[in-house]
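# Quick one, fold the following:
(2 chains)
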Amino acid sequence: MTIKRINFLQELLEFMGLGGRLHLEWISSAEAQKFVQVVKEFTEKIRHLGPNPLRGFTLNNLTLDVGAAAGTAAKTACPEPKETVAQN
Amino acid sequence: MKNKIKEWLKSGQIDIFLGYKTLQGHPLPHAFGKDNLEDIDTLITGSNYYPLEKIATKLVAEKPDIKIGMITQDHSQRALNVLYIWNQLDPENIKPLKGDGCSSNLKEHADDSHREAGKSGQFKKQFGMNTHASIEEAEIFAQQERFQRWMYEFQKCIKCYGCRNICPVCFCKQCSLEHSNLIGTGSLPPEAPIYHLVRAVHMAGRCIDCGLCEEACPADIPLRLLYRKVNAIVTELFDYETGSRLDQSPFSIIGESITLKLKPIAAA
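Prediction:
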């Protein structure tokens, strides 16, 4: 049941765009090596993903970031995306 | 239909009937009682939808034995099922009367036309989440962009609690959304995305996809899309379709059901 619940959360976070930042593992107190391995791997993964986007998140940088992130998609949707941002 | 309701009220099969009535030009929920049977002639049917189930829940909380008849639509049956499961209503005391209209995507034949959400404008489509997007369409974007788009939607929230207040299956006396240790108070927009995700998680195995939250939302946040996804995950992981059956939500089960039996103690 725990696996399923965590799976649920992982998928929800993935849908929100915060995927890959939650991990579940069973490690016995006798499995020091496994613990080291899991922590190492997960640390690597998180480092690769970069810092938590929620840290230092403000509304002001949102619109700009959205503009940057929307990038190419925005160009096709609207001829002048920058103008739209400025209006906001 | 009206005669049937009158009959039910007269014979005491129900104490009160929840339906809709036009008041000052607006179709509004109304409780018809047995004292004023002529009143029932003003009952209107159609695609109006308010959470009558929630009203019933509140009535039952005051008077546990009250027998309630109500006009139902497709999703209200699911709402009732959820409320039965969570012991908020007793199926013995509820007499549903099938009205018309349905708005859910959970059912194939559902007629969605009359309760379609408003069109998403250019800006929203470009930087936020299109209200009409399907789950697949919302998943096209890469992780970072998805995050930005959802955050754009969530930061519009004015914390009016409208989504919770209108929700037919929200009945908790203490709500996590108001718990100051879980969600910070005193700032607008509320702590995003935690405020919305807490509600999303609580909708798992509960949301019956009636769409009222989205309709009520003054900030036009595509809540229905979010909760639809949440319940798609529940169906995928737990094989549980919310509201369609009368078994417990998978989240109220602590572990897998026990298959082993206790061993008898061996004689010494």
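
# what residues does the longest helix seen in chain B touch?
When chain B is parsed with DSSP state H, its longest helix is helix B:223-238. Residues outside helix B:223-238 that contact it (Cβ atoms under 8 Å, 6 or more residues apart in numbering or on different chains) are A:4, A:7-8, A:11-12, A:15, B:105, B:117, B:129, B:131, B:133, B:135, B:138, B:163, B:196, B:200-201, B:203-205, B:207, B:209, B:211, B:213-214, B:217, B:240-242, B:250. Bear in mind the C-beta positions are built from the backbone N, C-alpha and C, glycine included.

# 7 Å instead?
Identification of contacts with helix B:223-238 by Cβ atoms under 7 Å, 6 or more residues apart in numbering or on different chains yields A:4, A:7-8, A:11-12, A:15, B:105, B:129, B:133, B:135, B:138, B:163, B:200, B:203-205, B:207, B:209, B:211, B:213-214, B:217, B:240-242, B:250.

# Where does pLDDT dip in chain A?
Residue ranges of chain A with pLDDT under 70: A:56-88.

# What's the nearest residue in it when you look at chain B?
residue A:17 (2.9 Å; Cβ to the nearest Cβ).

# For residue B:76, give its distance to chain A.
27 Å (Cβ to the nearest Cβ, to the nearest Å).

# Not counting sequence-adjacent ones, nearest residue to that residue?
Distance criterion Cβ to Cβ, 6 or more residues apart in numbering or on different chains; nearest residue to residue B:76, sequence neighbours excluded, is residue B:53 at 5.8 Å.

# Tell me which stretches of the chain form strands.
I went with chain A, as the question did not name one. For chain A, applying DSSP state E gives no strands.

# if you could check chain B rather than the one you did, that'd help
Counting by DSSP E, the strands of chain B are B:16-23, B:26-33, B:43-44, B:68-72, B:94-98.

# Can you tell me which of the ones you listed is most buried?
Scoring those by mean neighbour count under mean count of other Cβ atoms under 10 Å in any protein chain shown gives strand B:68-72 as the most buried, with a mean of 23.

# got the CA positions of it in PDB?
Output in PDB follows, covering the C-alpha atoms of strand B:68-72 (Å, rounded to 0.1, in the frame of the first residue of the first chain):
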ATOM      1  CA  ILE B  68     -34.800  13.100   1.800                       C
ATOM      2  CA  GLY B  69     -35.900  12.900  -1.800                       C
ATOM      3  CA  MET B  70     -33.900  14.700  -4.400                       C
ATOM      4  CA  ILE B  71     -33.600  15.300  -8.000                       C
ATOM      5  CA  THR B  72     -30.500  13.600  -9.300                       C
END
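
# Show me how far that strand is from its chain's centre.
16 Å (Cα atoms, centre = their mean, to the nearest Å).

# what's that strand packed up against?
strand B:16-23, helix B:52-62, strand B:94-98 (3 or more Cβ pairs under 7 Å, 6 or more residues apart in numbering or on different chains; DSSP states H and E).

# Pairing partners for the first one, with directions?
This points to strand B:16-23. strand B:26-33 (antiparallel), strand B:43-44 (antiparallel), strand B:68-72 (parallel) (DSSP bridges).
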